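Enquirer: quick one: sequence and predicted model below, then my questions.
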Amino acid sequence: MSVFGLPVEQLYLIVLVTAGLATVLYLFFGDVADGAGEALPFLNPAVILAFITFLSASGFIFENVTELGSGVILGVSAGISAVLSFLLYFFVLLPLKSAEASTAYTEESLLGQVGRVITPVPEDGFGEIVIETVNGLISKRAAGLENTAIDYDREVLIIEISDGTLIVKEYEPLRFRELS
């Protein structure tokens, strides 16, 4: 069978190469087209390109390996492509999208954390503490709870946040003593 004057196998191959090149271009310039995937997830350009690539690859293979009719091969290839694109979207693209690492934090996420004083906190004044997170160290301005002074290198617990200042108190971890 021929379409547009080309054998079907050659048409599948041309579409496969074109979709492969479009996928490579999407890797480099994908940020421009990412907005299209926000409205409907299946209009995501990565999913569409994967569908076309799977369709043309399976169509090319079936045309060369089997004696089935071209319409049947197109239907089977479309089914295979739909299943593979579905699996790609739900098991690769969605987890990657939700696994984006961010160094951003909110001040509310610091509540209850333990930090270390790097600039002593005077009575009725401000010092500085450092909080160790998975993304690195965060240093913030701090004041003592009820305007208490806190010495250098003491562990502190973040109690509240007021106008960007962490309100802290000295932290004493719970220690169990041995019963004798």
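Expert: Yes, it's here.
Enquirer: spit out the contact partners of V76.
Expert: Residues in contact with V76 (Cβ atoms under 8 Å, 6 or more residues apart in numbering) are 58, 62, 68. Backbone N, C-alpha and C define where each C-beta goes, glycine included.
Enquirer: that one belongs to a strand, doesn't it?
Expert: No. Using DSSP: H, G, I helix; E, B strand; the rest coil, the assignment for V76 is helix, not a strand.
Enquirer: please renumber so the chain begins at 404
Expert: Got it, the first residue is 404 from now on, which makes the last one we talked about V479.
Enquirer: roughly how far does it sit from A485?
Expert: According to Cβ to Cβ, to the nearest Å, V479 stands 11 Å off from A485.
Enquirer: quick one, domains of this protein?
Expert: The record assigns the chain these domain ranges, following automatic domain parsing: 405-501, 510-573.
Enquirer: mean pLDDT lowest for which of those?
Expert: For those, mean pLDDT drops lowest on domain 405-501, to a mean of 84.
Enquirer: ranges for the strands of this structure?
Expert: For the chain, strands defined by DSSP state E occupy the ranges 405-406, 409-410, 517-522, 530-536, 539-547, 558-565, 568-573.
Enquirer: in its sheet, what does the second one sit against?
Expert: The pairing partners recorded for strand 409-410 under DSSP bridges are strand 405-406 (antiparallel).
Enquirer: go on, the last one?
Expert: Paired strands of strand 568-573, with direction, are strand 539-547 (parallel), strand 558-565 (antiparallel) (DSSP bridges).
Enquirer: buried sites along that strand?
Expert: For strand 568-573, the neighbour count (16 or more other Cβ atoms under 10 Å) marks 569-571, 573 as buried.
Enquirer: about what we covered before: among the contacts of V479, name the buried ones.
Expert: 461, 465.
Enquirer: tabulate the contacts of V479 (a markdown table), appending distance to E526.
Expert: Output for these, formatted as a markdown table (distance: Cβ to Cβ, whole Å):
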| residue | distance to E526 |
| --- | --- |
| S461 | 75 |
| F465 | 81 |
| L471 | 86 |
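Enquirer: which of the contacts of V479 fall within helices?
Expert: Per DSSP state H, helices hold the following members of those: 461, 465.
Enquirer: list just the nearest of the contacts of V479 to L577.
Expert: The shortest approach to L577 among the contacts of V479 belongs to S461, at 61.5 Å (Cβ to Cβ).
Enquirer: so how far is V571 from D556?
Expert: According to Cβ to Cβ, D556 and V571 sit 14 Å apart.
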